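Q: Here you go, sequence then predicted model.
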Amino acid sequence: MRDATNIQAIAELNPDYLGFIFYPKSPRYLDTDFAPEIIHHLPQGIKRTGVFVNTTEQIIKDAVIKYGLHAVQLHGNESPEFCLKAKQMGVEVIKAFQIDEHFDFNTLSNYTKACDFYLFDTKTKAYGGSGQKFDWRILEKYDKQKPIFLSGGITAEDVPVILNLPQLNIYAVDINSKFEIKPGLKDVDLVKGFIRRMR
Ligand SMILES: O=C(O)c1ccccc1N[C@@H]1O[C@H](COP(=O)(O)O)[C@@H](O)[C@H]1O
């Protein structure tokens, strides 16, 4: 998110996490000029999360300090070693993986200690924010040991389906482009209805 009024309105809905995209090629990019006070003043119960794609350790560290981030979502091809370095910054690490029918779930074993959660998003040419859903049946191949963030084109209509997927060890549901009026601006009523029905 990157609009101060919209951030405030969504924060009032008490989401568990609230995300800021630090990937310059994204239409949701949060310019590093964005006033840190707006983010620092969010209620403490909401985890301020920075989304990064194949960036440097220094860029992440600077954003963690400047915006008081609690979590980082690494959405590119970051190695387990890189994820560990992010963890050493004292933040929660959510490592995203791009899923299609060819995804090899054995690769996850390298990340067991390097991150707190896996995030499963749809494999597309871009790194994220595609609004496209993958076939959740692919996750039957996942060993379900580590809790996951379910992501990728999730819509308000998905609530009943997601609530029927308890065997997947879902910790969080990541909503993004399908809840927007335009990139970076959330439809507050749509998000409100989603959170109410999901909880
Ligand atoms: O939203 C973006 O622009 C973005 C860009 C680069 C990496 C990640 C991005 N967003 C994340 O993508 C997933 C899926 O989003 P969608 O529901 O398909 O729009 C989500 O985790 C966002 O945080």
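A: Sure, I can see it.

Q: from here on, contacts and neighbour counts on C-alpha atoms
A: Noted.

Q: Please list the residues of the chain that sit near the ligand.
A: 26-28, 75, 121, 127-132, 151-154, 174-177 (C-alpha under 6 Å from any ligand atom).

Q: Pull out the buried residues from the residues you listed.
A: Neighbour-count burial within the residues of the chain next to the ligand applies to 26, 28, 75, 121, 127-132, 151-154, 174-177; the criterion is 16 or more other C-alpha atoms under 10 Å.

Q: For N164, give me its contacts.
A: N164 makes no contacts at all, as judged by C-alpha atoms under 8 Å, 6 or more residues apart in numbering.

Q: Equivalent analysis for the one 10 residues further on, please.
A: When contacts are counted by C-alpha under 8 Å, 6+ apart, D174 touches F149, L150, S151, G152, I154.

Q: at 10 Å what do you get?
A: Y17, L18, G19, L119, F120, D121, F149, L150, S151, G152, G153, I154 (C-alpha atoms under 10 Å, 6 or more residues apart in numbering).

Q: helix/strand/coil for the second one?
A: The three-state assignment at L18 reads strand, by DSSP: H, G, I helix; E, B strand; the rest coil.

Q: that older thread, mark which of the residues of the chain next to the ligand are part of helices, please.
A: Using DSSP state H, the subset of the residues of the chain next to the ligand located in helices is empty.

Q: how would you label the nearest residue to K123 once chain neighbours are set aside: helix, strand or coil?
A: Nearest non-adjacent residue to K123, counting by C-alpha to C-alpha, 6 or more residues apart in numbering: Q98, 4.3 Å away. Secondary structure assignment for Q98 (three-state DSSP): strand.

Q: What of the one 3 residues further on?
A: For E101, the reduced secondary structure class is coil; criterion used: three-state DSSP.

Q: Enumerate every residue touching it.
A: K123, F134, D135, W136, R137, I138, L139.

Q: cool, and F120?
A: Contacts of F120 (C-alpha under 10 Å, 6+ apart): 75, 95-100, 134, 136, 139, 148-152, 174.

Q: try it again with 7 Å
A: A96, F97, Q98, I99, F149, L150, S151 (C-alpha atoms under 7 Å, 6 or more residues apart in numbering).

Q: which SSE is Q8 in?
A: In this structure, Q8 is located in helix 4-11 according to DSSP states H and E.

Q: Leaving out the residues flanking it, which one is nearest to K113?
A: K113 sits nearest to L84 (C-alpha to C-alpha, 6+ apart), 7.8 Å away.

Q: so how many other residues sit close to the one you found?
A: For L84, the count of nearby residues is 15 (other C-alpha atoms under 10 Å).
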